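> Give me coordinates for this.
(one chain, ligands or ions: 1)
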Amino acid sequence: MLPAATLLALLVDLPDCDGYDFPVGAPDALGYYDAQPFGVNDHLGQDWNGLGGGATDRGDPVFAVAHGVVTLAGDQGGGWGNVVIVAHHLEVDQGLVETLYGHLETLDVELGQILTRGQQLGTIGDAGGVYVPHLHFELRDRAGLGVGPGYGADKPGWLDPQVFIDAHRPG
Ligand SMILES: [Zn+2]
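Numbering: from 1, shown residues only. Below is the predicted model of the structure:
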C-alpha cells in the first residue's frame with residue numbers, strides 16, 4: 001500500500017479528471033460482458049469476461065478507467081492473485097475514488113506510478129488457476145480500503161461500477 005502522505009503528494013501531479021471509461025474493451029467494454037454484476041451474490045465488483053467465452057480473454061489488456069495513481073500493485077495470494085489498485089480524483093476537490101483490478105495475469109505498472117485514462121495496467125488472468133480467466137473490477141468512493149473481502153452485503157465504500165461509470169463518461 002502507498003502511504004497516505006505519498007498518495008496525497010502524487011495526486012497533485014494528476015491531470016484533472018476528464019471522466020471514466022470501462023476497464024476492458026476500452027473505452028466502452030466492447031467485446032466483453034459482466035458475468036457477475038455488483039450485488040449479485042453480494043459481489044462487491046463486476047466480473048468482466050470476453051464474449052468469446054472460456055479462456056479466450058486470457059492476456060487481454062486491462063486499462064485504468066481514469067487518470068490516477070497506483071496505490072497497490074502485487075500478488076495478494078489466495079483467491080486474488082495479482083491486484084492493482086488506483087486512486088483517482090472524482091472531480092477537482094470532490095474527493096477520491098479507488099478502483100481495483102483483480103486476478104491479473106501480468107502487472108504492467110508499479111506502486112506510485114501516475115496513469116492516464118485508458119493506459120494499460122495489466123492483463124486478464126486466473127489468479128493461478130483458481131478461476132476461468134476474468135477481470136474482477138471494483139470501484140470505491142474512498143481510498144484505503146485495500147483488497148477487501150470481494151463479497152459482502154451493505155459494505156460502505158463499495159459502489160456499483162456500472163452505475164458510476166455510466167454517470168461519469170468523458171464529455
Ligand atoms: Zn468477482
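> which stretches of this protein form strands?
Ranges of strands within the chain are 32-34, 46-50, 61-63, 68-75, 82-89, 96-107, 114-115, 120-124, 135-140, 158-159, based on DSSP state E.
> Could you dump those into CSV and include distance to the ion, mean neighbour count and mean pLDDT?
Every residue, glycine included, has its C-beta placed from N, CA and C. Converted to CSV, these look like this (distance: least, CB to the ion, whole Å; neighbours: other CB atoms under 10 Å; pLDDT from 0 to 100):
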stretch, distance to the ion, mean neighbour count, mean pLDDT
strand 32-34, 10, 19, 98
strand 46-50, 4, 23, 98
strand 61-63, 14, 21, 98
strand 68-75, 17, 21, 96
strand 82-89, 12, 24, 95
strand 96-107, 7, 23, 96
strand 114-115, 22, 20, 96
strand 120-124, 12, 21, 98
strand 135-140, 4, 24, 98
strand 158-159, 12, 20, 96
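> Let me know which of those strands is the nearest to residue 6.
Residue 6 sits nearest to strand 68-75 of all the strands of the chain, at 8.9 Å, using CB to CB.
> so what pLDDT did residue 92 get?
At residue 92, the predicted lDDT confidence score is 53.
> Pairing partners for the closest residue in space to residue 26 that isn't next to it in sequence in the sheet, please.
Distances taken as CB to CB, 6 or more residues apart in numbering put residue 63 closest to residue 26, at 4.3 Å, once the chain neighbours are dropped. As for beta bridges, residue 63 partners with residue 120 under DSSP bridges.
> For residue 63, give me its contacts.
Residue 63 makes contact with 21, 23, 24, 26, 117, 118, 119, 120, 121 under the criterion CB atoms under 8 Å, 6 or more residues apart in numbering.
> what number of residues lie near the second one?
Translated: residue 23. 29 (other CB atoms under 10 Å).
> quick one: residue 128 and residue 85, what's the gap?
19 Å (CB to CB, to the nearest Å).
> hang on, the earlier thing: output the strands of the chain as a markdown table; include the columns distance to residue 12.
Shown next, in a markdown table, are these (distance: least, CB to CB, whole Å):
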| stretch | distance to residue 12 |
| --- | --- |
| strand 32-34 | 34 |
| strand 46-50 | 30 |
| strand 61-63 | 23 |
| strand 68-75 | 10 |
| strand 82-89 | 10 |
| strand 96-107 | 13 |
| strand 114-115 | 11 |
| strand 120-124 | 21 |
| strand 135-140 | 21 |
| strand 158-159 | 25 |
